[in-house]
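Student: The following comprises the amino acid sequence and a computationally predicted model.
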Amino acid sequence: MSNNSTKFFFFITLISGMLITISSNSWISAWMGLEINLLSFIPLMINSNNTFTTEAALKYFLIQALSSSSLLFIILSKSFIESMFSLINSSLTSIIIVTPLLMKSGAAPLHWWFPSVMEGLSWWNCFILMPMQKIAPLIFISNSIKFNQFMIMIIMMSILIGTVGGYNQISLRKILTYSSINHMAWMLIAMLMGENLWILYFMVYSLLILSVMTIVAPLQISFVNQTFFINNEAKFIKLMMFSSLLSLGGLPPFLGFLPKWLVIQHMIINWSLTMISIMVIMSLVTLYYYLRISYSSFIILSSEPNWISLFKESKNNSMIAILMTTISMLGLMISSIFINMF
(Lines give C-alpha, C1' and ligand atoms only; values in the text may rest on other atoms or scores of the structure.)
Protein backbone atom coordinates (compact mmCIF):
# COMPACT_ATOMS: atom_id res chain seq x y z
CA MET A 1 0.00 0.00 0.00
CA SER A 2 1.49 3.35 -1.03
CA ASN A 3 2.00 6.22 1.35
CA ASN A 4 -0.62 8.39 -0.38
CA SER A 5 -3.27 5.66 -0.25
CA THR A 6 -2.54 5.09 3.44
CA LYS A 7 -2.96 8.78 4.20
CA PHE A 8 -6.16 8.84 2.18
CA PHE A 9 -7.50 5.89 4.18
CA PHE A 10 -6.75 7.56 7.52
CA PHE A 11 -8.22 10.84 6.27
CA ILE A 12 -11.46 9.04 5.36
CA THR A 13 -11.63 7.41 8.79
CA LEU A 14 -10.93 10.81 10.37
CA ILE A 15 -13.92 12.28 8.53
CA SER A 16 -15.99 9.22 9.46
CA GLY A 17 -15.21 9.60 13.16
CA MET A 18 -16.17 13.25 12.96
CA LEU A 19 -19.49 12.40 11.30
CA ILE A 20 -20.19 9.64 13.87
CA THR A 21 -19.70 12.14 16.69
CA ILE A 22 -21.87 14.81 15.09
CA SER A 23 -24.74 12.45 14.21
CA SER A 24 -24.75 10.38 17.42
CA ASN A 25 -27.67 10.54 19.84
CA SER A 26 -25.85 9.16 22.88
CA TRP A 27 -22.71 10.19 24.71
CA ILE A 28 -21.03 6.78 24.34
CA SER A 29 -21.30 6.80 20.55
CA ALA A 30 -20.08 10.41 20.53
CA TRP A 31 -17.05 9.36 22.57
CA MET A 32 -16.39 6.49 20.16
CA GLY A 33 -16.45 8.92 17.23
CA LEU A 34 -13.95 11.17 19.01
CA GLU A 35 -11.61 8.21 19.56
CA ILE A 36 -11.84 7.12 15.90
CA ASN A 37 -11.09 10.70 14.91
CA LEU A 38 -8.07 10.83 17.25
CA LEU A 39 -6.56 7.49 16.19
CA SER A 40 -6.95 8.45 12.52
CA PHE A 41 -5.17 11.79 12.91
CA ILE A 42 -2.08 10.41 14.73
CA PRO A 43 -0.71 8.53 11.64
CA LEU A 44 -1.37 11.60 9.49
CA MET A 45 0.76 13.71 11.83
CA ILE A 46 3.87 11.50 11.70
CA ASN A 47 6.41 12.16 8.95
CA SER A 48 9.58 10.07 8.75
CA ASN A 49 11.50 13.02 7.25
CA ASN A 50 10.69 15.29 10.19
CA THR A 51 11.54 14.22 13.76
CA PHE A 52 9.45 17.02 15.29
CA THR A 53 6.23 15.37 14.09
CA THR A 54 6.80 12.38 16.40
CA GLU A 55 7.03 14.65 19.44
CA ALA A 56 3.97 16.60 18.33
CA ALA A 57 1.99 13.38 17.77
CA LEU A 58 2.92 12.08 21.24
CA LYS A 59 1.90 15.34 22.93
CA TYR A 60 -1.35 15.44 20.99
CA PHE A 61 -2.15 11.83 21.83
CA LEU A 62 -1.51 12.28 25.57
CA ILE A 63 -3.64 15.43 25.83
CA GLN A 64 -6.50 14.02 23.76
CA ALA A 65 -6.39 10.71 25.67
CA LEU A 66 -6.55 12.64 28.95
CA SER A 67 -9.55 14.68 27.84
CA SER A 68 -11.29 11.63 26.31
CA SER A 69 -10.81 9.54 29.45
CA SER A 70 -12.13 12.45 31.56
CA LEU A 71 -15.16 12.73 29.30
CA LEU A 72 -15.82 8.97 29.47
CA PHE A 73 -15.51 9.00 33.28
CA ILE A 74 -17.99 11.88 33.50
CA ILE A 75 -20.45 10.14 31.15
CA LEU A 76 -20.35 6.86 33.08
CA SER A 77 -20.58 8.59 36.46
CA LYS A 78 -23.58 10.66 35.44
CA SER A 79 -25.28 7.69 33.79
CA PHE A 80 -25.22 5.76 37.08
CA ILE A 81 -26.68 8.71 38.96
CA GLU A 82 -29.28 9.75 36.39
CA SER A 83 -31.25 7.95 33.68
CA MET A 84 -29.43 5.97 31.05
CA PHE A 85 -27.00 8.37 29.28
CA SER A 86 -29.41 11.33 29.42
CA LEU A 87 -27.84 14.15 31.39
CA ILE A 88 -29.91 16.69 33.28
CA ASN A 89 -29.53 20.11 31.69
CA SER A 90 -28.08 21.97 34.68
CA SER A 91 -25.29 24.52 35.03
CA LEU A 92 -23.01 22.14 36.94
CA THR A 93 -23.48 19.39 34.37
CA SER A 94 -22.74 21.89 31.61
CA ILE A 95 -19.45 22.89 33.25
CA ILE A 96 -18.40 19.27 33.85
CA ILE A 97 -19.14 18.16 30.29
CA VAL A 98 -17.73 21.25 28.55
CA THR A 99 -14.34 21.25 30.34
CA PRO A 100 -12.74 18.20 28.57
CA LEU A 101 -14.25 19.36 25.28
CA LEU A 102 -12.63 22.78 25.75
CA MET A 103 -9.32 20.99 26.31
CA LYS A 104 -9.80 19.14 23.04
CA SER A 105 -10.52 22.43 21.26
CA GLY A 106 -7.51 24.24 22.72
CA ALA A 107 -9.41 27.02 24.49
CA ALA A 108 -7.62 28.94 27.25
CA PRO A 109 -6.61 28.17 29.97
CA LEU A 110 -6.52 24.58 28.64
CA HIS A 111 -4.39 25.58 25.66
CA TRP A 112 -0.87 24.76 26.89
CA TRP A 113 -0.44 21.88 24.43
CA PHE A 114 -1.67 23.75 21.36
CA PRO A 115 1.38 25.91 20.40
CA SER A 116 3.96 23.15 20.87
CA VAL A 117 1.92 20.64 18.85
CA MET A 118 1.36 23.14 16.04
CA GLU A 119 5.07 23.92 15.87
CA GLY A 120 5.91 20.32 14.98
CA LEU A 121 3.34 19.80 12.19
CA SER A 122 3.33 20.44 8.48
CA TRP A 123 1.10 23.22 7.19
CA TRP A 124 -1.67 20.94 5.93
CA ASN A 125 -1.71 19.03 9.21
CA CYS A 126 -2.00 22.41 10.91
CA PHE A 127 -5.09 23.02 8.78
CA ILE A 128 -6.56 19.71 9.93
CA LEU A 129 -5.77 20.53 13.57
CA MET A 130 -7.05 24.11 13.68
CA PRO A 131 -10.49 23.99 12.01
CA MET A 132 -11.30 20.34 11.27
CA GLN A 133 -10.40 18.73 14.59
CA LYS A 134 -12.50 21.33 16.40
CA ILE A 135 -15.75 20.53 14.58
CA ALA A 136 -16.89 17.58 16.74
CA PRO A 137 -16.00 19.15 20.14
CA LEU A 138 -17.59 22.46 19.16
CA ILE A 139 -20.83 20.74 18.17
CA PHE A 140 -21.14 19.22 21.64
CA ILE A 141 -20.04 22.40 23.37
CA SER A 142 -22.83 24.24 21.55
CA ASN A 143 -25.35 21.68 22.84
CA SER A 144 -24.13 21.94 26.45
CA ILE A 145 -23.02 25.55 26.79
CA LYS A 146 -24.76 27.90 29.20
CA PHE A 147 -24.22 31.57 29.96
CA ASN A 148 -22.60 31.46 33.40
CA GLN A 149 -19.52 32.76 35.16
CA PHE A 150 -17.45 29.75 34.07
CA MET A 151 -18.05 30.45 30.36
CA ILE A 152 -17.41 34.16 30.84
CA MET A 153 -14.06 33.28 32.45
CA ILE A 154 -13.16 30.92 29.57
CA ILE A 155 -14.10 33.53 26.94
CA MET A 156 -12.17 36.36 28.60
CA MET A 157 -9.08 34.21 29.21
CA SER A 158 -9.11 33.01 25.60
CA ILE A 159 -9.32 36.61 24.42
CA LEU A 160 -6.48 37.78 26.67
CA ILE A 161 -4.15 34.81 26.12
CA GLY A 162 -4.83 34.79 22.38
CA THR A 163 -3.87 38.46 22.28
CA VAL A 164 -0.91 38.56 24.65
CA GLY A 165 0.53 35.16 23.67
CA GLY A 166 1.11 36.04 20.03
CA TYR A 167 2.36 39.57 20.64
CA ASN A 168 6.10 38.79 20.46
CA GLN A 169 6.11 35.60 18.36
CA ILE A 170 8.24 35.19 15.24
CA SER A 171 6.83 31.79 14.20
CA LEU A 172 3.86 31.95 11.84
CA ARG A 173 2.52 28.70 13.28
CA LYS A 174 2.44 30.12 16.80
CA ILE A 175 0.92 33.36 15.55
CA LEU A 176 -1.89 31.38 13.88
CA THR A 177 -2.21 29.26 17.04
CA TYR A 178 -2.80 32.22 19.34
CA SER A 179 -5.05 33.76 16.71
CA SER A 180 -7.04 30.50 16.78
CA ILE A 181 -7.38 30.78 20.57
CA ASN A 182 -8.66 34.32 20.10
CA HIS A 183 -11.17 33.19 17.48
CA MET A 184 -12.23 30.39 19.83
CA ALA A 185 -13.46 33.02 22.28
CA TRP A 186 -15.52 34.69 19.54
CA MET A 187 -17.03 31.33 18.56
CA LEU A 188 -17.95 30.58 22.17
CA ILE A 189 -19.70 33.92 22.56
CA ALA A 190 -21.43 33.30 19.19
CA MET A 191 -22.71 29.95 20.55
CA LEU A 192 -24.45 31.82 23.34
CA MET A 193 -26.19 33.99 20.73
CA GLY A 194 -27.42 31.20 18.47
CA GLU A 195 -26.44 28.10 16.53
CA ASN A 196 -26.48 29.70 13.08
CA LEU A 197 -24.17 32.50 14.18
CA TRP A 198 -21.33 30.31 15.43
CA ILE A 199 -21.61 27.98 12.44
CA LEU A 200 -21.26 30.99 10.13
CA TYR A 201 -18.27 32.20 12.14
CA PHE A 202 -16.64 28.77 11.99
CA MET A 203 -17.20 28.45 8.24
CA VAL A 204 -15.66 31.86 7.54
CA TYR A 205 -12.75 31.10 9.88
CA SER A 206 -12.09 27.76 8.13
CA LEU A 207 -12.23 29.47 4.73
CA LEU A 208 -9.70 32.09 5.80
CA ILE A 209 -7.33 29.48 7.28
CA LEU A 210 -7.56 27.54 4.00
CA SER A 211 -6.78 30.75 2.12
CA VAL A 212 -3.63 31.28 4.19
CA MET A 213 -2.55 27.64 3.83
CA THR A 214 -2.80 27.66 0.02
CA ILE A 215 -0.16 30.41 0.00
CA VAL A 216 2.25 29.61 2.84
CA ALA A 217 2.33 25.82 2.31
CA PRO A 218 3.86 25.91 -1.22
CA LEU A 219 6.34 28.59 -0.10
CA GLN A 220 7.26 26.60 3.05
CA ILE A 221 7.30 29.75 5.16
CA SER A 222 7.60 29.13 8.90
CA PHE A 223 8.93 32.38 10.39
CA VAL A 224 8.22 36.08 10.02
CA ASN A 225 11.67 36.95 8.66
CA GLN A 226 11.19 34.50 5.80
CA THR A 227 8.37 36.67 4.45
CA PHE A 228 10.90 39.46 3.90
CA PHE A 229 12.70 37.47 1.23
CA ILE A 230 9.76 36.38 -0.89
CA ASN A 231 10.73 37.08 -4.49
CA ASN A 232 10.14 40.78 -5.07
CA GLU A 233 9.22 40.11 -8.70
CA ALA A 234 6.16 38.29 -7.38
CA LYS A 235 4.58 41.14 -5.43
CA PHE A 236 1.15 39.62 -6.07
CA ILE A 237 2.07 36.64 -3.88
CA LYS A 238 2.87 38.99 -0.99
CA LEU A 239 -0.38 40.84 -1.58
CA MET A 240 -2.38 37.62 -1.50
CA MET A 241 -0.71 36.35 1.67
CA PHE A 242 -1.05 39.54 3.67
CA SER A 243 -4.59 40.29 2.54
CA SER A 244 -5.55 36.79 3.75
CA LEU A 245 -3.78 37.37 7.08
CA LEU A 246 -5.43 40.77 7.56
CA SER A 247 -8.80 39.22 6.73
CA LEU A 248 -8.11 36.53 9.34
CA GLY A 249 -7.46 39.32 11.82
CA GLY A 250 -10.88 40.83 11.10
CA LEU A 251 -9.84 44.02 9.32
CA PRO A 252 -12.64 45.74 7.35
CA PRO A 253 -13.54 45.51 4.50
CA PHE A 254 -12.32 41.92 4.25
CA LEU A 255 -14.50 38.85 4.75
CA GLY A 256 -13.09 38.13 8.23
CA PHE A 257 -14.86 41.21 9.56
CA LEU A 258 -18.34 39.84 8.66
CA PRO A 259 -18.80 37.27 11.48
CA LYS A 260 -17.27 39.62 14.06
CA TRP A 261 -19.63 42.35 12.88
CA LEU A 262 -22.63 40.07 13.40
CA VAL A 263 -21.42 39.00 16.86
CA ILE A 264 -20.91 42.65 17.86
CA GLN A 265 -24.43 43.54 16.71
CA HIS A 266 -26.00 40.67 18.67
CA MET A 267 -24.05 41.51 21.81
CA ILE A 268 -25.00 45.18 21.63
CA ILE A 269 -28.67 44.17 21.34
CA ASN A 270 -28.25 41.98 24.45
CA TRP A 271 -26.56 44.84 26.35
CA SER A 272 -23.24 43.04 26.81
CA LEU A 273 -21.35 46.27 26.24
CA THR A 274 -18.46 45.72 28.66
CA MET A 275 -17.53 42.29 27.34
CA ILE A 276 -17.81 43.27 23.67
CA SER A 277 -15.71 46.39 24.29
CA ILE A 278 -12.90 44.27 25.73
CA MET A 279 -13.18 41.77 22.87
CA VAL A 280 -13.03 44.49 20.20
CA ILE A 281 -10.01 46.15 21.83
CA MET A 282 -8.17 42.83 22.08
CA SER A 283 -9.01 42.02 18.46
CA LEU A 284 -7.48 45.31 17.39
CA VAL A 285 -4.31 44.32 19.22
CA THR A 286 -4.21 40.99 17.35
CA LEU A 287 -4.16 42.93 14.08
CA TYR A 288 -0.72 44.13 15.15
CA TYR A 289 0.69 40.64 14.46
CA TYR A 290 -0.33 40.78 10.82
CA LEU A 291 0.28 44.48 10.27
CA ARG A 292 3.81 44.03 11.61
CA ILE A 293 4.52 41.27 9.09
CA SER A 294 2.96 43.22 6.21
CA TYR A 295 4.68 46.51 7.03
CA SER A 296 8.09 44.90 7.47
CA SER A 297 7.87 42.78 4.34
CA PHE A 298 6.64 45.50 1.99
CA ILE A 299 8.40 48.61 3.31
CA ILE A 300 11.24 48.06 5.77
CA LEU A 301 13.09 45.20 4.08
CA SER A 302 12.91 44.78 0.32
CA SER A 303 16.17 42.94 -0.42
CA GLU A 304 16.15 39.80 -2.50
CA PRO A 305 19.00 37.29 -2.05
CA ASN A 306 20.06 35.14 -4.96
CA TRP A 307 19.47 31.87 -3.10
CA ILE A 308 15.71 32.41 -2.87
CA SER A 309 14.03 30.35 -5.55
CA LEU A 310 11.15 31.65 -7.61
CA PHE A 311 7.62 30.73 -6.67
CA LYS A 312 6.98 28.10 -9.32
CA GLU A 313 4.00 26.03 -8.36
CA SER A 314 1.52 24.23 -10.51
CA LYS A 315 -1.19 26.20 -12.23
CA ASN A 316 -3.90 24.52 -10.16
CA ASN A 317 -2.33 25.54 -6.84
CA SER A 318 -1.88 29.11 -8.05
CA MET A 319 -5.50 29.33 -9.20
CA ILE A 320 -6.77 27.93 -5.90
CA ALA A 321 -4.70 30.49 -3.96
CA ILE A 322 -6.00 33.33 -6.15
CA LEU A 323 -9.60 32.12 -5.78
CA MET A 324 -9.38 31.81 -1.98
CA THR A 325 -7.71 35.22 -1.67
CA THR A 326 -10.38 36.83 -3.86
CA ILE A 327 -13.11 35.38 -1.64
CA SER A 328 -11.24 36.61 1.43
CA MET A 329 -10.87 40.16 0.05
CA LEU A 330 -14.26 40.63 -1.61
CA GLY A 331 -16.48 38.31 0.46
CA LEU A 332 -17.81 41.06 2.73
CA MET A 333 -18.80 43.31 -0.17
CA ILE A 334 -20.42 40.43 -2.07
CA SER A 335 -22.36 39.41 1.06
CA SER A 336 -23.55 42.99 1.61
CA ILE A 337 -24.73 43.30 -2.00
CA PHE A 338 -26.50 39.92 -1.79
CA ILE A 339 -28.29 40.90 1.46
CA ASN A 340 -29.39 44.26 0.06
CA MET A 341 -30.72 42.65 -3.12
CA PHE A 342 -32.85 40.08 -1.29
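Tutor: Cool, got the structure.
Student: need the helices for the stretch 201-342 of the chain, in chain order.
Tutor: Using DSSP state H, counting those that start in this stretch, the helices of the stretch 201-342 of the chain run over 235-248, 257-269, 273-295, 315-341.
Student: Need the winner for burial among those.
Tutor: helix 235-248 (a mean of 22; mean count of other C-beta atoms under 10 Å). Where C-beta positions appear, they are placed from N, C-alpha and C, glycine not excepted.
Student: name the helices or strands packed onto it?
Tutor: Using 3 or more C-beta pairs under 8 Å, 6 or more residues apart in numbering; DSSP states H and E, the elements in contact with helix 235-248 are helix 195-219, helix 273-295, helix 315-341.
Student: Which one of the ones you listed lies nearest to Phe127?
Tutor: With C-beta to C-beta, the closest approach to Phe127 among the helices and strands packed on helix 235-248 belongs to helix 195-219: 4.8 Å.
Student: Would you confirm that His266 contacts Trp198?
Tutor: No: using C-beta atoms under 8 Å, His266 is not in contact with Trp198, being 10.8 Å away.
Student: Spit out the residues that contact these two alike.
Tutor: Ala190 (C-beta atoms under 8 Å, 6 or more residues apart in numbering).
Student: what about the protein, any weak spots by pLDDT?
Tutor: Across the chain, residues meeting the criterion (pLDDT under 70) sit at 1-3, 82-91, 229-234, 300-318, 331-342.
Student: which helix of it spans the most residues?
Tutor: If you go by DSSP state H, the chain has its longest helix at helix 52-81.
Student: most centrally placed residue in the chain?
Tutor: Met130 (3.7 Å; C-alpha atoms, centre = their mean).
Student: related to what we said a few turns ago, mind putting the helices and strands packed on helix 235-248 into a markdown table with distance to Gly249?
Tutor: Formatted as a markdown table, the helices and strands packed on helix 235-248 follow (distance: least, C-beta to C-beta, whole Å):
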| stretch | distance to Gly249 |
| --- | --- |
| helix 195-219 | 9 |
| helix 273-295 | 4 |
| helix 315-341 | 11 |
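Student: do you know which of those lies nearest Ser69?
Tutor: Of all these, helix 195-219 comes closest under C-beta to C-beta, at 26.5 Å.
Student: what comes up buried for the closest one?
Tutor: Across helix 195-219, burial judged by 16 or more other C-beta atoms under 10 Å covers 197-202, 204-219.
Student: before we move on, back to that, out of the helices and strands packed on helix 235-248, the one nearest Ser70 is which?
Tutor: Using C-beta to C-beta, the nearest of the helices and strands packed on helix 235-248 to Ser70 is helix 195-219, at 23.7 Å.
Student: which residues in the stretch 51-200 of the chain form helices?
Tutor: Applying DSSP H, counting those that start in this stretch to the stretch 51-200 of the chain gives helices spanning 52-81, 91-105, 114-119, 123-129, 135-144, 149-165, 172-193, 195-219.
Student: what's in contact with the second one?
Tutor: Residues outside helix 91-105 that contact it (C-beta under 8 Å, 6+ apart) are 34, 63-64, 66-68, 70-71, 74, 78, 87, 110, 133-134, 137-138, 140-141, 144-146, 148, 150-151, 154, 184.
Student: Selecting buried members of those in ChimeraX, what would you type?
Tutor: Buried subset of the contacts of helix 91-105, written as a ChimeraX selection, criterion 16+ other C-beta under 10 Å:
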select :34,63,64,67,68,70,71,74,78,87,110,133,134,137,138,140,141,144,145,150,151,154,184
